[in-house]
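Engineer: A structural model of the following input is requested.
(chains A and B)
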Amino acid sequence: GQQLNQSPQSMFIQEGEDVSMNCTSSSIFNTWLWYKQDPGEGPVLLIALYKAGELTSNGRLTAQFGITRKDSFLNISASIPSDVGIYFCAGPSGNKLVFGAGTILRVKS
Amino acid sequence: SAVISQKPSRDICQRGTSLTIQCQVDSQVTMMFWYRQQPGQSLTLIATANQGSEATYESGFVIDKFPISRPNLTFSTLTVSNMSPEDSSIYLCSVRRAQETQYFGPGTRLLVL
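Structural biologist: From the prediction side, this is the model:
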């Protein structure tokens, strides 16, 4: 089945730094989704991308749908302590979602 | 989006027992899903809860172990049967909205001793 390769696995950054993470697939996706999961919570949808080349922002977050439709990236600018959590990329496969392994983000204040 | 609640939020159970998890959505939805998230892992789909018919299970998950009910378009239950410590996970329900987005409940944290 389809698999998503997400990197990096984890990041430990200084408050105020920018963060970049990405997701790649061996097959084409028509939609890319980015979620954040806080400790003890369910994943929350951050950004949804529907068109190749699309660049979408949500506050300090920016995500892009790669033009090959096989990759996507998420950037966080000027990180703050509440950005801590696990970030997942996901894409639809039939009726279900396929998830990346997640990127654990830790922020030093 | 959608407002989704799950009960219980967490539980500690003895091996060999069963636990039923409830998922309630604030509006009618066609598609509801149940996921498992093992410690330190990503999300894995258990099954699609179909209203009025049997759930559709993913490879590696069976109805005898994870029976699912979907009596209407706003509610579903997942039972984890004959539990063992390997069933210790977070169990999440989700609903599908427009354009293939899914929204998740807060999860049920299960520890099996």
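
Engineer: drop to CA atoms for contacts and neighbour counts, all remaining ones
Structural biologist: OK.

Engineer: any idea which element the most centrally placed residue in chain B lies in?
Structural biologist: For chain B, the residue sitting closest to the mean C-alpha position, by C-alpha atoms, centre = their mean, is B:W34 at 3.4 Å. For B:W34, the host element (DSSP states H and E) is strand B:32-37.

Engineer: who does that strand touch, helix- and strand-wise?
Structural biologist: For strand B:32-37, the elements it packs on are strand B:44-49, strand B:89-96, judged by 3 or more C-alpha pairs under 8 Å, 6 or more residues apart in numbering or on different chains; DSSP states H and E.

Engineer: any idea which of the ones you listed is most buried?
Structural biologist: Mean neighbour count (mean count of other C-alpha atoms under 10 Å in any protein chain shown) peaks for strand B:89-96 among the helices and strands packed on strand B:32-37, with a mean of 25.

Engineer: that one pairs with which strands?
Structural biologist: Strand B:89-96 has the following strand partners under DSSP bridges: strand B:32-37 (antiparallel), strand B:102-104 (antiparallel), strand B:108-112 (antiparallel).

Engineer: re the thing from before, beta partners of the residue nearest to the centre of chain B?
Structural biologist: Residues in a beta bridge with B:W34, per DSSP bridges, are B:A47, B:C93.

Engineer: which residues of chain B lie near chain A?
Structural biologist: By C-alpha under 8 Å from any C-alpha of the partner chain, the part of chain B that sits against chain A consists of B:41-45, B:92, B:100-107.

Engineer: one more time with 6 Å, if that's ok
Structural biologist: Within chain B, the positions adjacent to chain A are B:42, B:104-107 by C-alpha under 6 Å from any C-alpha of the partner chain.

Engineer: so which of these are in strands?
Structural biologist: The strands, defined by DSSP state E, take in B:F104 from the residues of chain B next to chain A.

Engineer: between the residues of chain B next to chain A, which sits nearest chain A?
Structural biologist: Comparing the residues of chain B next to chain A against chain A with C-alpha to the nearest C-alpha picks out B:P106 as the nearest, at 4.3 Å.

Engineer: any chance of the helices and strands packed on strand B:32-37 in CSV, plus distance to A:F73 and mean pLDDT?
Structural biologist: Rendered in CSV, the data for these read as follows (distance: least, C-alpha to C-alpha, whole Å; pLDDT from 0 to 100):
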stretch, distance to A:F73, mean pLDDT
strand B:44-49, 22, 95
strand B:89-96, 23, 96
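
Engineer: can the ones you listed go into TSV with extra columns for distance to B:V80?
Structural biologist: Supplementary listing: the helices and strands packed on strand B:32-37 in TSV, determined by distance: least, C-alpha to C-alpha, whole Å:
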stretch	distance to B:V80
strand B:44-49	11
strand B:89-96	10
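
Engineer: mind checking these for the one nearest to A:E15?
Structural biologist: Closest to A:E15 of those is strand B:89-96 (C-alpha to C-alpha; 29.6 Å).

Engineer: now the angle from that closest one to strand B:44-49?
Structural biologist: Using axes from the mean of the first three to the mean of the last three C-alpha atoms, to 10 degrees, the inter-axis angle of strand B:89-96 relative to strand B:44-49 is 50 degrees.
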